[in-house]
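Novice: Prediction below, plus the sequence it came from.
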Amino acid sequence: MSIPIYGNIDEESICDMLKDIINDIGHFPSTNELVLLKKSSLANAVSKNGGVNRFKKILNIPIIQESPGTITFELLCNKIKIVQNEIGRFPTITDLKKLNRWDIISHASSRRFGGYAKFREHFGVKEVYKSVGFWSNQDARINELKTIIETIGHFPSALDLQHIGRHDMANAISKSGGYAKHRELLGLSITEHDKYISKKCSYTTKRGKKTEHLIKRMIYQYCQHHNLPIPELNKKFSDGSIIEFVCNTGRRIGIDVINVKQTRNNARKDIRRKYIRKDYHKYLDELWIVAFSNVLKNDDYTSLNQTSPENVKIMSVDTFMNEIKYTADKYTVNEIESYKKCTFHTKDECTKLMNMDKQNIDYWSSQKYMGI
């Protein structure tokens, strides 16, 4: 008798569903392929219960470890060019699905190569960017969601949106009330888990804005003291990437703020993604990635800087303050220490420590001259 291992899906059922898909597409499906086949629940079941290699072993499918460089950007471009010649235009993901070209989809849509948008850009196919304020329009967001639901067959999770390259939609949902709110707007049922995830996403967005605001105060004070131009905010580069602050000190220095509270390994991975997934450091003389973290040690920052591009500097918020010679008062010190360890589960304790009700009127009044 099989034992349920993920929700209502047991190991035997997972294997049966995988066998059916293998018969249809001719190989073991990747996570991306399962999402595009409208099998997100199966993708989650596989991921949560041992991963792809475990189920390959159960189904007696050889586990082939691709050597670095086996699948390259150029190789995928050649494959896409063949399809383009066949259909007479640049293929969409839907085109590739209809042609059963999962060998292209599974790799070209991955973050390793920057998503399918990178290939579209390489072939000179213009992508229509949303106008300023588009995502703040509720009706526009709902219409975009309906299109995605028609494509994948269900309301998308954050993982679904990531796999189909819709990071814009994922960011818009997180910044506009979360997934539970948008399910409700579409008249879909909401579980307690949905509400929990929605609250967590909303908290993460707010925490990010607060740490950015804190760094902004420091930068403004530095620029004012040294008679430097006011920094550019949310600077957008030609490749579509955006960075919070760009300061002109004779050199163009971009500053990106990140909150990392997971394990040390995951924290390091999150920081590396900043310059791997985006090309914004190529438009700057220097890129400073400032981390609010209570898990990263000095050795971690040293290791990260040794492997990062030459003009990328990764530092803790304390190192950042030393770099700009910022002297923090007692309130700001408490604020910084709280943000370092603040998570969704400790937010109430941290809010109390930071005294966010702003009872220290004199301190906050002193910030007004900076226009913050």
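Specialist: Yes, it's here.
Novice: For the helix or strand where Ile82 lies, which residues meet the burial criterion?
Specialist: Element membership for Ile82, per DSSP states H and E: helix 73-87. Neighbour-count burial for helix 73-87 flags 76-77, 79-80, 83-84 (criterion: 16 or more other C-beta atoms under 10 Å). Glycine gets a C-beta too; all of them are placed from N, C-alpha and C.
Novice: what residues does that helix touch?
Specialist: 90-91, 95-96, 99, 101, 103-104, 107-108, 113, 118-119, 122-123 (C-beta atoms under 8 Å, 6 or more residues apart in numbering).
Novice: Kindly list the single helix or strand of this protein that scores lowest on mean pLDDT.
Specialist: The weakest-scoring helix or strand in the chain, judged by mean pLDDT, DSSP states H and E, is strand 4-6 (a mean of 40).
Novice: Confirm Val290 sits in a strand?
Specialist: Yes - counting by DSSP: H, G, I helix; E, B strand; the rest coil, Val290 is part of a strand.
Novice: wait, what's in contact with the residue lying closest to Leu18 once chain neighbours are set aside?
Specialist: Of all residues not flanking Leu18 in the chain, Phe55 sits nearest, at 6.1 Å (C-beta to C-beta, 6 or more residues apart in numbering). By C-beta under 8 Å, 6+ apart, the residues touching Phe55 are 14-15, 18, 28, 46.
Novice: Could you do Pro156 as well?
Specialist: If a contact means C-beta under 8 Å, 6+ apart, then Pro156 has 145, 148-149, 164, 166, 169 as its contacts.
Novice: now, among those residues, which is nearest to Thr70?
Specialist: Ranked by distance to Thr70 (C-beta to C-beta), these are led by Ile164 at 24.1 Å.
Novice: Which parts of this structure are strands?
Specialist: Assigned by DSSP state E, the strands in the chain fall at 4-6, 9-10, 232-236, 242-248, 252-259, 286-292, 312-316.
Novice: Those strands: which one's closest to Tyr280?
Specialist: The nearest among the strands of the chain, by C-beta to C-beta, is strand 242-248 at 5.1 Å.
Novice: buried ones in the closest one?
Specialist: Within strand 242-248, the residues that qualify as buried are 243-247, counting by 16+ other C-beta under 10 Å.
Novice: Would you reformat those as TSV and include distance to Tyr339?
Specialist: Formatted as TSV, the buried residues of strand 242-248 follow (distance: C-beta to C-beta, whole Å):
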residue	distance to Tyr339
Ile243	20
Glu244	15
Phe245	17
Val246	23
Cys247	21
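Novice: low pLDDT regions in the stretch 1-150 of the chain?
Specialist: Applying pLDDT under 70 to the stretch 1-150 of the chain flags residues 1-9, 63-69, 111, 126-132.
Novice: try 90
Specialist: For the stretch 1-150 of the chain, the stretches flagged by pLDDT under 90 are 1-76, 78-79, 82-138, 140, 144, 147-150.
Novice: show me the contacts for Ser176.
Specialist: 135-136, 138, 141, 182.
Novice: cool, and Arg141?
Specialist: By C-beta under 8 Å, 6+ apart, the contact set of Arg141 is 135, 169, 172-173, 176, 182.
Novice: let's go with 6 Å and repeat that
Specialist: Listed by C-beta atoms under 6 Å, 6 or more residues apart in numbering, the contact set of Arg141 reads Ala172.
Novice: ok, back up a step: need the contacts of Phe55 in JSON lines with distance to Ala291 and neighbour count, can you?
Specialist: Formatted as JSON lines, these follow (distance: C-beta to C-beta, whole Å; neighbours: other C-beta atoms under 10 Å):
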{"residue": "Ile14", "distance to Ala291": "38", "neighbour count": "20"}
{"residue": "Cys15", "distance to Ala291": "42", "neighbour count": "14"}
{"residue": "Leu18", "distance to Ala291": "39", "neighbour count": "23"}
{"residue": "Phe28", "distance to Ala291": "38", "neighbour count": "18"}
{"residue": "Val46", "distance to Ala291": "32", "neighbour count": "23"}
